[in-house]
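> Here is a sequence together with a model predicted from it:
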Amino acid sequence: MTGKAAVAGFPTIDRRAFLGLICALLVSRPPAAAAKDGLASLDAKLGKASDLPNWIRDPFLKRTLYRIRVNPLPETSGPAGANRDGFRWIEEQREGASWITRGVVNSQWNWIVRGWRQLDWGLEHQDSDGGFTCDDAFHSTSFFVEALARACIVYPQGATSKRLDALSAACDWMKRPEISAQGVQAAHLFAHRHFIIAAAFAQSALLTRDQGFFSTARAYADAGIAGQWPDGTNPERGGFDVGYQMIGAIMALRYLAVLDQGPYREAVQNFIIATVKRELVQMREDGTIDTSKSTRVGIEIGRGGIVKGPPYEEIFESLIYGAVAFGQDEWRQMAEKLAESRNWIEG
């Protein structure tokens, strides 16, 4: 691919020019009034809940992945993942949202408490300007903000004013021109990041009623949609990656969950369907995944110091959420095969 990209329903554009437009949007505060182009508005969504709490309660999720502990390690005072050896990446604390989600689905209060302890431990490391002093700060913060916002959505009793204030401060930090430039530049190389950021800002907008956050989310999402290749690939390092293709899908689904019905939501839905269809090409009949043509999985070293493998949990969640949201029976069938291959099915 060259500097131009096209997707059904969107014009062919120069990507550098489009990223320049994002930079302009990120530093502006649009009026609170809804746009007249049929796109979703924050005001129209305020009276509704995200679709996510409904999706996570799918019965098959409950009796497979969500019945399993997020990890077998004993509980700590809060640090998760690589942060158990000392704070390095705020994103590691996003594990807390997974504990909370599974705790909500299974009525496991101790899992919910553990999840909030991890997220709150992360917030203890927030700087006065709203950011976090850690490696790869913008990307790591976007992951954490998405998880914190998602946790507040699936367990609204935990959406305290202190947590929401911290969420707003982190979003404001990410919008600063000198900070957001990092996100724009990296998303040009790693397509899935458009929707991590979009989901982070959109879910935060739903919680905080900040129109600027929602407009920022749309700018990143629109860039991700415009960059999709005709075959559904969302390029990572210039090609297809079986893992990050579906990290983008799950984040796009969480973004879609806060959108109103209408033409724009349909465009995002079409993007997700094309994304998953491309992924299914790499899924075998027995539910296993072919990683041989990936640009990152099986090649790069992850935060934990081991070679990156397929994100099976996010792939599974994407298939089930999409089956619920879009009526995609084929996705559910593939999810069932994946669950069986991973030994997640109870009994």
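That came through fine.
> quick one: Arg84 and Thr76 touch, right?
Yes - in terms of Cβ atoms under 8 Å, Arg84 counts as a neighbour of Thr76; the distance is 6.3 Å. Every residue, glycine included, has its C-beta placed from N, CA and C.
> Quickly note the distance from Asp172 to Asn110.
With the distance defined as Cβ to Cβ, to the nearest Å, Asp172 ends up 34 Å from Asn110.
> my bad, Ala80
As judged by Cβ to Cβ, Ala80 and Asn110 stand 16 Å apart.
> Give me the distance from the helix or strand that contains Phe138 to the chain's centre.
For Phe138, the host element (DSSP states H and E) is helix 137-154. Per Cα atoms, centre = their mean, to the nearest Å, the displacement of helix 137-154 from the mean C-alpha position of its chain is 8 Å.
> That helix - contacts with which helices or strands?
Judged by 3 or more Cβ pairs under 8 Å, 6 or more residues apart in numbering; DSSP states H and E, helix 137-154 is in contact with helix 52-55, helix 95-106, helix 109-123, helix 161-175, helix 177-189, helix 192-208, helix 244-256.
> Mind checking the pLDDT average for that helix?
On average, the pLDDT along helix 137-154 is 98.
> just the angle between that helix and helix 244-256, please?
Relative orientation of helix 137-154 versus helix 244-256 (axes from the mean of the first three to the mean of the last three Cα atoms, to 10 degrees): 50 degrees.
> Okay, now the unreliable bits of the chain?
Applying pLDDT under 70 to the chain flags residues 1-49, 347.
> Centroid-nearest residue for it?
The residue lying closest to the centre of the chain (Cα atoms, centre = their mean) is Met251, at 2.7 Å.
> count of residues packed around Glu346?
Around Glu346 there are 9 other residues, counting by other Cβ atoms under 10 Å.
> ok, and the closest non-adjacent residue to it?
Leaving aside its chain neighbours, Glu346 sits nearest to Arg63 (4.8 Å; criterion: Cβ to Cβ, 6 or more residues apart in numbering).
> Kindly report the same for Leu338.
Of all residues not flanking Leu338 in the chain, Gly287 sits nearest, at 4.2 Å (Cβ to Cβ, 6+ apart).
> pretty sure that neighbour contacts Glu340?
Yes - look at Gly287 against Glu340 with Cβ under 8 Å: they come within range, at 5.8 Å.
> ok, the residue lying closest to Asp120 once chain neighbours are set aside to Ala223 distance?
Take Asp120 and drop its neighbours on the chain: the residue closest to it by Cβ to Cβ, 6+ apart is Gly78, 6.7 Å away. Distance, Gly78 to Ala223, by Cβ to Cβ: 34 Å.
> Those two: who's more crowded?
Taking other Cβ under 10 Å, Gly78 and Ala223 do not tie; Ala223 has more neighbours (26 against 19).
> And the more buried one, how close does it get to Ser168?
Ala223 sits 23 Å away from Ser168, going by Cβ to Cβ.
> and if you look at Pro235?
32 Å.
> and the strand or helix carrying Arg332, which residues are buried?
Element membership of Arg332, judged by DSSP H and E, is helix 329-341. Under the neighbour-count criterion of 16 or more other Cβ atoms under 10 Å, helix 329-341 has Trp331, Arg332, Met334, Ala335, Glu336, Lys337, Leu338, Ala339, Ser341 buried.
> Contact partners for the first one?
So that's Trp331. Val276, Leu280, Leu319, Ile320, Gly322, Ala323 (Cβ atoms under 8 Å, 6 or more residues apart in numbering).
> which one of those sits closest to Gly262?
Among the contacts of Trp331, Gly322 lies closest to Gly262 (Cβ to Cβ), at 19.0 Å.
> quick one: the closest one and Ile272 touch, right?
Yes - if you go by Cβ under 8 Å, Gly322 and Ile272 touch, sitting 6.5 Å apart.
> anything in contact with each of those two?
Common contact partners of Gly322 and Ile272 (Cβ under 8 Å, 6+ apart): Ala249, Leu253.
> picking up where we left off before, return the distance of the residue nearest to Asp120 relative to Arg57.
Taken as Cβ to Cβ, the span from Gly78 to Arg57 is 27 Å.
> Neighbour count for Asp172 and Asn110, which is higher?
Set Asp172 next to Asn110 and count neighbours by other Cβ under 10 Å: Asp172 wins out with 16 against 10.
> So for the more buried one, what's the nearest residue that isn't a sequence neighbour?
Spatially, and ignoring its direct neighbours in sequence, Asp172 is nearest to Gly130 (5.4 Å; Cβ to Cβ, 6+ apart).
> residues contacting the one you found?
Ala166, Ser168, Ala169, Ala170, Cys171, Asp172, Trp173.
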